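Colleague: how does the following fold in three dimensions:
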Amino acid sequence: MKIHFIGIGGTGMSALASVYLGRGAEVSGSDLREKPVLGALRAAGARIFIGHAEAHVPPEATVVYSSDVPPDNVELAAARRRGQPVVHRSDLLAHLLNAGYGIAVAGSHGKTTTTAMIAYVLERADRSPTAVIGGEVVGWESGGRAGQSSIVVAEADESDGSFLRYHPAMTVITNIEPDHLENFDGDFEALKRAFLRFAKNTRLGGTVVLGVDDPEVLSLYEAVKKRKKRRRLRFVTFGAHWADVTVAEGAEVRLEDGRASFGLELFGEPVGEVRLQVIGAHHVMNALAAAAALRVLGVPASAIVEGLSAFPGVKRRFERLGEVDGALVVDDYAVHPTEIRATLAAARALRRRVIAVFQPHRKARVYYLWQEFVRAFDDADLIYVTDVYAPKGDRAPEAVSAEALAGEIARESGRPTFYLPDRSAILAALRAALRPGDVVVTLGAGDVRAVGEALARGRREG
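Modeller: Predicted structure coming up:
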């Protein structure tokens, strides 16, 4: 089997490429620029091209594209003109999930870490899962692994509705908040209906795992239960209290150096203390979601506790980049106001002065969630905002301005907030402001990480 991935360096695409390489496929792909994950794919046998050209596409290959690939992409157009099989990445993922014991993890936040936790603990428990994760587990070379068992655990992306192609044995929904509304006609109700359909797509006799602390997920729970008798679905809930999988009664979540510890209770039975290595109290809910899925799979309670306690995290999720002049520099993929708040709260838990460097991602997201972004920076002491990172084709109903956003953040938070579109200017400002003991957090899905990397290296960006 030959497969060609357009945009193979993307997190979801590289994960799928890794899985199919592991399954013996002949894999090629192209990307606009060199990325670390491409080296790992080359080492595994993939043929990688930098830049897009018709000649890169093997004539016998199935061509895979994502929603980020524009319709006029030269490789996509060439494949269609030749009559080659052309599939969206979600179709390839659907094949994996629907053919095996699929576990699809969805939600506005936490799905990458939750998926990674499930895969990591399964691997430690010798269950050999296939994993397709939208981020790279620390210690892995990509977000994808080809396992030997029938278990397939994958992150299900709601952003374009493509997760409705999946019919897994288990669905996990962490939470539901407004996001990607540009793909749902600006209508949060339409997004919620998509999540409801996703849950209802769980195959006959399957399991639906729901985070019932979230009010929207709780409402979905009540709606989807109406189909329980017809489809014989099993429902498993997780949450901080009064759920099937929860923090043990009488126990409290404790934070030490930003890392959470808590007593885990599985279906009414306290099973031990989980001591997370990842920073941030918000990871407790991710761990509970993972524990629920793992218990349904029959993983022993002791293996769940030990595995979650050993989980090393996912790159670009409060990832430590280094230290400079006594200040800690970390990077986080946070793109949504809720994610920004959680990341900055994790930084605040370190009891340091917090400096945020924020690169908004997608004009449409900024437009629809403007007020939420304005209120997301209360845990930062000093804030720098740079221009919106807008993928090709990203549009908002009206113009959005990062400079105007910075001004409103300053008024709302009362914190010093500066708009600096130039990366060199941000670095210069950081160097001038930095004090020993600070924590600098770069926030965003674009290239803002490079600012943190340059700062941690202790030299100017060239």
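
Colleague: can I get the CA coordinates of the top strand by length along the chain in CSV?
Modeller: Longest strand in the chain, counting residues (DSSP state E): strand 269-279. Only the C-alpha atoms of strand 269-279 are listed here, as CSV (Å, rounded to 0.1, in the frame of the first residue of the first chain):
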residue,chain,number,x,y,z
GLU,A,269,-13.8,2.0,45.4
PRO,A,270,-10.8,4.0,46.4
VAL,A,271,-7.8,2.5,44.6
GLY,A,272,-4.8,4.7,45.4
GLU,A,273,-3.2,8.1,45.0
VAL,A,274,-2.3,9.4,41.6
ARG,A,275,0.7,11.8,41.7
LEU,A,276,0.8,13.5,38.3
GLN,A,277,4.1,14.6,36.8
VAL,A,278,2.4,17.1,34.5
ILE,A,279,1.9,20.7,35.7
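
Colleague: tell me the strands beside it, with direction?
Modeller: strand 259-266 (antiparallel) (DSSP bridges).

Colleague: output the lowest mean pLDDT helix or strand found in the protein.
Modeller: helix 228-231 (a mean of 58; mean pLDDT, DSSP states H and E).

Colleague: can you give the distance of the longest strand of the chain from its chain's centre?
Modeller: Counting by C-alpha atoms, centre = their mean, to the nearest Å, strand 269-279 is centred 22 Å from the centre of its parent chain.

Colleague: what's downstream of that strand, the next helix or strand?
Modeller: Counting by DSSP states H and E, the next helix or strand C-terminal to strand 269-279 is helix 283-296.

Colleague: can you map out the helices along the stretch 301-450 of the chain?
Modeller: Remark: helices assigned in the stretch 301-450 of the chain by DSSP state H, counting those that start in this stretch are 301-310, 337-348, 363-368, 370-374, 402-413, 423-433, 449-457.

Colleague: between those helices, which one is closest to Val152.
Modeller: Smallest distance to Val152 across those (C-beta to C-beta): 18.4 Å, for helix 301-310. The way it works is simple: take the backbone N, C-alpha and C, and place the C-beta from them, glycine included.

Colleague: check which residues of that closest one are buried.
Modeller: Within helix 301-310, the residues that count as buried by 16 or more other C-beta atoms under 10 Å are 301, 303-309.

Colleague: of those, closest to His336?
Modeller: Nearest to His336 among the buried residues of helix 301-310 is Leu308, at 24.1 Å by C-beta to C-beta.

Colleague: please, where are all the helices along the stretch 151-300 of the chain?
Modeller: So, for the stretch 151-300 of the chain - with DSSP H, counting those that start in this stretch - the helices run 188-200, 215-224, 228-231, 283-296.

Colleague: so where's this protein uncertain?
Modeller: Low-confidence segments of the chain (pLDDT under 70): 227-231, 392-394, 396, 459-462.

Colleague: need the outlier residue of it, farthest from its centre.
Modeller: Residue distances from the centre of the chain (C-alpha atoms, centre = their mean) peak at Arg82, which lies 34.9 Å from the mean C-alpha position.

Colleague: quick check: that residue touching Ala61?
Modeller: No. Contact criterion C-beta atoms under 8 Å: Arg82 and Ala61 do not qualify, at 10.2 Å.

Colleague: quick one on the thing from earlier: so for Glu177, which of the helices of the stretch 301-450 of the chain sits nearest?
Modeller: Glu177 lies closest, by C-beta to C-beta, to one member of these: helix 337-348, at 6.0 Å.

Colleague: which neighbouring elements make contact with the closest one?
Modeller: If contacts are counted by 3 or more C-beta pairs under 8 Å, 6 or more residues apart in numbering; DSSP states H and E, helix 337-348 sits against strand 327-332, strand 354-358, helix 370-374, strand 439-443.

Colleague: contact partners of that helix?
Modeller: Outside helix 337-348, the residues that touch it by C-beta atoms under 8 Å, 6 or more residues apart in numbering are 108-109, 177, 258, 279-282, 318, 330, 332-334, 354, 356, 358, 369, 372-373, 375-380, 439, 441, 443.

Colleague: just the buried residues of these.
Modeller: Neighbour counting by 16+ other C-beta under 10 Å classes 108-109, 177, 258, 279-282, 318, 330, 332-334, 354, 356, 358, 369, 372-373, 376-377, 379-380, 439, 441, 443 among the contacts of helix 337-348 as buried.

Colleague: and the strands in the stretch 51-200 of the chain?
Modeller: With DSSP state E, counting those that start in this stretch as the criterion, the stretch 51-200 of the chain has strands at 62-65, 86-88, 101-106, 130-132, 144-145, 151-155, 170-173.

Colleague: format those strands as JSON lines; extra columns: distance to Gly272 and mean neighbour count.
Modeller: Below are these laid out as JSON lines (distance: least, C-beta to C-beta, whole Å; neighbours: other C-beta atoms under 10 Å):
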{"stretch": "strand 62-65", "distance to Gly272": "42", "mean neighbour count": "23"}
{"stretch": "strand 86-88", "distance to Gly272": "42", "mean neighbour count": "16"}
{"stretch": "strand 101-106", "distance to Gly272": "23", "mean neighbour count": "26"}
{"stretch": "strand 130-132", "distance to Gly272": "25", "mean neighbour count": "28"}
{"stretch": "strand 144-145", "distance to Gly272": "27", "mean neighbour count": "24"}
{"stretch": "strand 151-155", "distance to Gly272": "23", "mean neighbour count": "28"}
{"stretch": "strand 170-173", "distance to Gly272": "22", "mean neighbour count": "28"}
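
Colleague: which one of those strands lies nearest to Asp213?
Modeller: For the strands of the stretch 51-200 of the chain, proximity to Asp213 was assessed by C-beta to C-beta; strand 170-173 is nearest, at 11.8 Å.

Colleague: can you tell me what sits against that closest one?
Modeller: 101-107, 111, 114, 156, 195, 198-199, 201-202, 206-211, 217, 220, 289, 292-293, 296.

Colleague: what about 7 Å?
Modeller: By C-beta atoms under 7 Å, 6 or more residues apart in numbering, the residues outside strand 170-173 that reach it are 103-107, 114, 195, 198-199, 202, 206-211, 217, 220, 289, 293, 296.

Colleague: ok, stretch 102-115 next?
Modeller: 97, 118, 133-135, 152-156, 158, 163, 166, 168-177, 179, 195, 198, 283, 285-286, 289-290, 293, 314, 317, 336, 338-339.

Colleague: okay, how far is it across it, tip to tip?
Modeller: One end of stretch 102-115 to the other measures 12 Å (C-alpha to C-alpha, to the nearest Å).
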